[in-house]
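Visitor: From the sequence below, what's the structure:
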Amino acid sequence: MQNKVVHMEEGKDAAIAVNRAGQTRVLPQRLLHLIVFFLALCLTFSVVSIYMIRYFGVNSFVTSVTPTLLSCNKELNTLEQWIKPPSNLMHGMSDEELFWRASFVPRLKKYPFKRVPKVAFMFLTKGPLPLAPLWERFFKGHNGYYSIYIHSLPSFEANFPSSSVFYKRQIPSQVSEWGKMSMCDAERRLIANALLDISNERFVLLSESCIPLHNFTTIHSYITGSKYSFTGAFDDPGPFGRGRYNDHMLPEVAISDWRKGSQWFEVSRQLALYLIQDKKFYPKFEQFCRPACYVDEHYFPTMLTVQAGNLLANRSVTWVDWSRGGAHPATFGRSDITEDFFKRIFEGEKCLYNDQPSSVCSLFARKFSPSALEPLFFLAPKFLGF
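Guide: Next up, the predicted model:
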């Protein structure tokens, strides 16, 4: 009996041993089949993918990524990005870099968008704008038809409220001195910054002592409707004209081309580009037109006469009073601003506008002191139209 049990136990162990050996052989075969199946599946997927890409094209497989990439590129390359004026006038460009950037000109005359021609009002000041409240009233309700630029002393910090049309309209500025080339540099700097706005078509230079003599609609229509730029350029044979000429300016500047005119000009976009692109006349005037040759009275009038004399109206649109004599025009204060004063400005004006006689000749006037603001504000609706 015991013998039988031993044989049974031995048989059981032998059976278990055989069974385990069979499992050892079966397990690798299943794993091998699984690996082969997986490789076949990968190969099939690869073949199908290659076929689909060739048949349908690569784009259909990357559409999920494309929208994100396009949105980034679209933000940098839309027409809106190119024509939108700078939101911040302060920049880090040097004058050389600024003039180069401002000189970009479209070769196609027709604009692919609705372009409203704007007038750039460029204020050349030492600091504050004491007559700003009058100008605020003048500009009110005409957004999109004008731009404002202010060149002041670098040390001056404007404190216009965010609601003001002058808020953040200062450009990077440098010190400018009356009668010297630094004054023309400041004017060119104003022009170059204004040229960065593709919609600015006309450019008028003003000072802190200037006022408008008509409402905005009249002035905008008058300037944008003119065939000519309002820059004075006349041949003065006397000591304060040709008498300031220096023979060392030859051959670039001949005495027959020497002109004199008011510093307070208005120019078209075409002539504004001439003013910032000039490298031919600038060195001569910088070196040989120094007090008692006042470069701001001769550089622009002479250069524009040579390059585009047929496009000049040969008169300024800024009224001044020289009747009191001296090196500077009269300055008007509170007691000067009367109804008779305005009648004296407007009565008897005669000039040519687009080659036709006109009684509207002056659009701006100077010089007005801060004390003139209150009476100007009071009389403006009656005499200035705003």
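Visitor: Which neighbouring elements make contact with the helix or strand where A272 lies?
Guide: In this structure, A272 is located in helix 269-277 according to DSSP states H and E. If you count contacts as 3 or more Cβ pairs under 8 Å, 6 or more residues apart in numbering; DSSP states H and E, helix 269-277 packs onto helix 95-102, helix 181-195, strand 200-207, helix 299-308. Glycine gets a C-beta too; all of them are placed from N, C-alpha and C.
Visitor: For Y245, which of these is the nearest?
Guide: Closest to Y245 of these is helix 299-308 (Cβ to Cβ; 9.4 Å).
Visitor: And the helices in this structure, which stretches?
Guide: For the chain, the helices defined by DSSP state H occupy 2-56, 66-77, 79-83, 95-102, 132-139, 181-195, 216-224, 269-277, 282-288, 299-308, 339-346, 373-383.
Visitor: tell me the mean pLDDT over the helix holding A272?
Guide: For helix 269-277, mean pLDDT is 98.
Visitor: Buried residues of that helix, list them for me.
Guide: By 16 or more other Cβ atoms under 10 Å, the buried positions in helix 269-277 come out as R269, L271, A272, L273, Y274, L275, I276, Q277.
Visitor: Give the bridge partners for the closest residue to F123 other than its chain neighbours, please.
Guide: What sits nearest to F123 in space, not counting adjacent residues and going by Cβ to Cβ, 6 or more residues apart in numbering, is I150, at 4.7 Å. Here I150 sits in beta bridges with F123, Q170, as judged by DSSP bridges.
Visitor: Next one: I150, what pLDDT does it get?
Guide: Note for I150: predicted pLDDT of 98.
Visitor: The one 10 residues further on too?
Guide: Model confidence at F160, given as pLDDT, is 95.
Visitor: Same question for N354.
Guide: pLDDT, read off for N354, is 98.
Visitor: still on that earlier bit, identify, from the buried residues of helix 269-277, the entry nearest to S226.
Guide: Using Cβ to Cβ, the buried residues of helix 269-277 come closest to S226 at L271, 11.9 Å.
Visitor: any idea how far R344 is from G144?
Guide: According to Cβ to Cβ, to the nearest Å, G144 and R344 sit 35 Å apart.
Visitor: Neighbour count for these two, which is higher?
Guide: R344 (11 against 8; other Cβ atoms under 10 Å).
Visitor: Can you check the pLDDT for that one?
Guide: 93.
Visitor: P172 versus that one, what's the distance?
Guide: Counting by Cβ to Cβ, the gap from R344 to P172 is 40 Å.
Visitor: ok so, going back, weakest of the helices of the chain in terms of mean pLDDT?
Guide: helix 66-77 (a mean of 47).
Visitor: quick one, what contacts the residue most central in space within the chain?
Guide: Most central in the chain under Cα atoms, centre = their mean is L196, positioned 2.6 Å from the mean C-alpha point. By Cβ atoms under 8 Å, 6 or more residues apart in numbering, L196 lies in contact with P85, P86, R101, A102.
Visitor: switch the cut-off to 6 Å
Guide: P86, A102 (Cβ atoms under 6 Å, 6 or more residues apart in numbering).
Visitor: Quick check: phi and psi at it.
Guide: The phi/psi pair for L196 (degrees, to the nearest 10) reads phi -70, psi -20.
Visitor: so how far is S176 from the residue lying closest to F166 once chain neighbours are set aside?
Guide: Closest residue in space to F166, ignoring its immediate chain neighbours: F160 at 4.5 Å, by Cβ to Cβ, 6+ apart. Look at F160 and S176: by Cβ to Cβ, they are 21 Å apart.
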